[in-house]
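In: Next input, structure requested:
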Amino acid sequence: MHRHTATELPEPPATSGATVGASNPKGGRTPVQALVWGVKPEPWEAPDPSNRLLAGLARVPMRLEDRDVPTPPADDWVVAKTRLTGICGSESKQVFGDFTDAYNDSALAGLFSFPMVMGHEVVAEVTELGPAAVGLEVGQRVVLNPWLTCLPRGLDPCPSCQVGDLSMCWHFTEGRLSPGIHTGTCKDAPGGFADYFPAHHTMLFPVPDEVPDDVAVLADPVSVSLHSITRHPPPEGGKAMVYGAGALGLAATGLLRALRPDVEVLVVAAHPVQATLARSLGAEVIAHEPADAVVEQATSWSGGTLMPTPMGIPMAHPGAIDVVYDTVGTTETSEVAVRVLRARGTLVKSGVNPPERWEWSPLYFKEISWVGSNAFGVETLDGKRQHAIAHYLDLVAAGRLDLSGMLTHTFRLPQWRDAFTVLATQDDSGAVKVAFDFR
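Out: Residues are numbered from 1 along each chain as shown. A predicted model of the protein is given here:
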């Protein structure tokens, strides 16, 4: 793994009490650093302006700022010191400018508030407890469940929260917090792109001593794929295709091999390091382009029949793949997925990209079920019902799941442009999961 170091930042002492924080000789709380989005950007010249992602990075409205160490915003909240924060694919898209003005008609546009500090894939250490916070101790190592649901907002649980569907909470714009679906999308709940962050006491899960930070930091993306698989599992002895081999795709691959060894798994990978990791997890791997080659190879692998078309991408009919887990979510991945699936197969969409036209005739022709898969909540696995993050930590502690190779690069927070640069140049950098290291 590539580690990049920088000057250590000040570390205030651990405290307890809702209004007690670190102090400096001049009074007040010790300033710490936060990477703030929604502010005037600092000038930066892209090393390769022809790279669309780097060009977006040069324009991103984000900069490093000094802030006071936060205090718990309510009696049942705590403050934690960040140890390691992974960069989510959705955050990369936001930084690179994938969601442009053309996406302003999104039905989700009202679920964010600015300025904000991103970062929701976090391992941290509890440093301060609000007087009503329970179940945690100062000094305890934790991972973040970022959802800003009813309880963090000071509201009684809605029907979705009552059944553990946290990502479908009815009240993401209500209560004592500004709009925001999770930590890092709400101006009142800054995330782990900072030295410290606040969290409701129900949002933090203790990490077992035997699970290192580099593994614990994967809890969020693995939970996303766990939700996809437990809610939409392949049939016994079936065939599954995982589209994409980034964090979500590799997590899905590892989970399928660990939980459903009877299922054959094909992975579509874009970069050599992704392909190597997918093979190490026991999957068959093919390249991601061209699209017609993906259809041909997936059809051959699964035992389907390729039906040529006069124009465009061919279709498998009959197809033999039962479920496609699309962790990318582009026009091309959708078009390919519905072509390789069997009749009445399932396309599970967990990847997010701006909407575009796509040729979807196989969707209705083969009566395919196209379902969204939104993050995670309380899931049932092996007959046990608990939060997805708890399932992940249990699987790791039991030695059933090892995804440690996914974390390829770490950077100090002041090197944030370097961190996003390796994500923008994955063919050269070999980056998969990149994280900010505060340890």
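In: Next SSE downstream of the helix or strand bottoming out on mean pLDDT in the chain?
Out: Within the chain, no helix or strand scores below strand 2-3, which has a mean of 82 by mean pLDDT, DSSP states H and E. Sequence order places strand 31-37 as the next helix or strand after strand 2-3, per DSSP states H and E.
In: Let me know the pLDDT of Thr5.
Out: pLDDT recorded at Thr5 is 59.
In: try Val138
Out: Reading off the model, Val138 has pLDDT 98.
In: I'd like to know how far it sits from Phe438.
Out: Taking C-beta to C-beta, to the nearest Å as the measure, Val138 falls 17 Å from Phe438. Glycine gets a C-beta too; all of them are placed from N, C-alpha and C.
In: What of Arg339?
Out: For Arg339 relative to Phe438 (C-beta to C-beta), the value is 45 Å.
In: out of those two, which sits in the busier spot?
Out: More crowded of Arg339 and Phe438, by other C-beta atoms under 10 Å: Arg339, with 32 against 25.
In: Tell me which residues touch the closest residue in space to the more buried one that isn't next to it in sequence, please.
Out: Of all residues not flanking Arg339 in the chain, Met315 sits nearest, at 4.4 Å (C-beta to C-beta, 6 or more residues apart in numbering). Counting by C-beta atoms under 8 Å, 6 or more residues apart in numbering, Met315 touches 295, 306-307, 309, 339, 362.
In: now Gly351
Out: 89, 243-244, 248, 326-330, 333.
In: Which of the contacts of Met315 fall in helices?
Out: 295, 339, 362 (DSSP state H).
In: In JSON lines, list the residues you listed along with pLDDT and distance to Asp214.
Out: What follows is those, written out as JSON lines (pLDDT from 0 to 100; distance: C-beta to C-beta, whole Å):
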{"residue": "Val295", "pLDDT": "98", "distance to Asp214": "37"}
{"residue": "Arg339", "pLDDT": "98", "distance to Asp214": "38"}
{"residue": "Pro362", "pLDDT": "95", "distance to Asp214": "41"}
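In: Show me what the least confident helix or strand of the chain packs onto, helices and strands only.
Out: Counting contacts by 3 or more C-beta pairs under 8 Å, 6 or more residues apart in numbering; DSSP states H and E, strand 2-3 packs against strand 407-411.
In: do that again at 6 Å, thanks
Out: On a contact count with 3 or more C-beta pairs under 6 Å, 6 or more residues apart in numbering; DSSP states H and E, strand 2-3 meets no helix or strand.
In: Show me the strands in the stretch 151-300 of the chain, by range?
Out: 196-200, 204-206, 239-243, 264-269, 284-287 (DSSP state E, counting those that start in this stretch).
In: Ala343: which of those strands is closest?
Out: Closest of the strands of the stretch 151-300 of the chain to Ala343 is strand 239-243, at 13.8 Å (criterion: C-beta to C-beta).
In: Relative to the closest one, what are the paired strands and their orientations?
Out: If you go by DSSP bridges, strand 239-243 pairs up with strand 264-269 (parallel), strand 321-326 (parallel).
In: what sits up against it?
Out: With contacts defined as C-beta atoms under 6 Å, 6 or more residues apart in numbering, strand 239-243 is touched by 234, 249, 252-253, 256, 263-268, 302, 321-326, 328, 333.
In: so how far is it from its chain's centroid?
Out: Centroid separation between strand 239-243 and its chain, computed with C-alpha atoms, centre = their mean, to the nearest Å, is 19 Å.
In: mean confidence for it?
Out: 98.
In: Could you do stretch 46-57 as well?
Out: Rounded mean pLDDT across stretch 46-57 is 95.
In: List the buried residues in that stretch.
Out: For stretch 46-57, burial by neighbour count (16 or more other C-beta atoms under 10 Å) applies to 46, 53-54, 56-57.
In: Okay, and which of those map to helices?
Out: In helices, defined here by DSSP H, the members of those are 53-54, 56-57.
In: measure stretch 184-202 end to end?
Out: Using C-alpha to C-alpha, to the nearest Å, the end-to-end distance of stretch 184-202 comes to 17 Å.
In: now stretch 38-50
Out: For stretch 38-50, the separation between the terminal residues is 25 Å (C-alpha to C-alpha).
In: How many residues are close by the residue nearest to Leu35 when sequence neighbours are not counted?
Out: Distance criterion C-beta to C-beta, 6+ apart; nearest residue to Leu35, sequence neighbours excluded, is Phe193 at 4.0 Å. Counted with other C-beta under 10 Å, residues neighbouring Phe193 total 28.
In: Then Asn104?
Out: By the criterion of other C-beta under 10 Å, Asn104 has 8 neighbours.
In: and Pro362, what does it touch?
Out: Shown in contact with Pro362 (C-beta under 6 Å, 6+ apart): 315, 338-339.
In: I should have written Lys366 there, sorry.
Out: Counted by C-beta under 6 Å, 6+ apart, Lys366 has contacts Ala343.
In: One more pass at 8 Å, please.
Out: For Lys366, the contact set (C-beta under 8 Å, 6+ apart) comprises 317, 319, 338, 341-345.
In: give me phi/psi at it?
Out: phi -100, psi 10 (degrees, to the nearest 10).
In: That one and Ala343, how far apart?
Out: 4 Å.
In: Pull up the overlap in contacts between the two.
Out: Common neighbours of Lys366 and Ala343, using C-beta under 8 Å, 6+ apart, are 317, 319.
In: Any chance of the contacts of Pro362 in TSV with distance to Glu125 as columns?
Out: Converted to TSV, those look like this (distance: C-beta to C-beta, whole Å):
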residue	distance to Glu125
Met315	52
Val338	46
Arg339	48
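In: just for the protein, where's the confidence low?
Out: Within the chain, the segments meeting pLDDT under 70 span 5-30, 100-102.
In: okay, now the domains of it?
Out: The chain breaks down into these domains under automatic domain parsing: 2-217+407-437, 220-372.
In: which one of the ones you listed is the most hemmed in?
Out: Mean neighbour count (mean count of other C-beta atoms under 10 Å) peaks for domain 220-372 among the domains of the chain, with a mean of 20.
In: From start to finish, how long is it in a straight line?
Out: 17 Å.
In: Tell me the gap between it and the middle of its chain.
Out: Mean-position distance between domain 220-372 and its chain equals 19 Å (C-alpha atoms, centre = their mean).
In: Can you give me the end-to-end span of stretch 332-352?
Out: End-to-end for stretch 332-352, by C-alpha to C-alpha: 13 Å.
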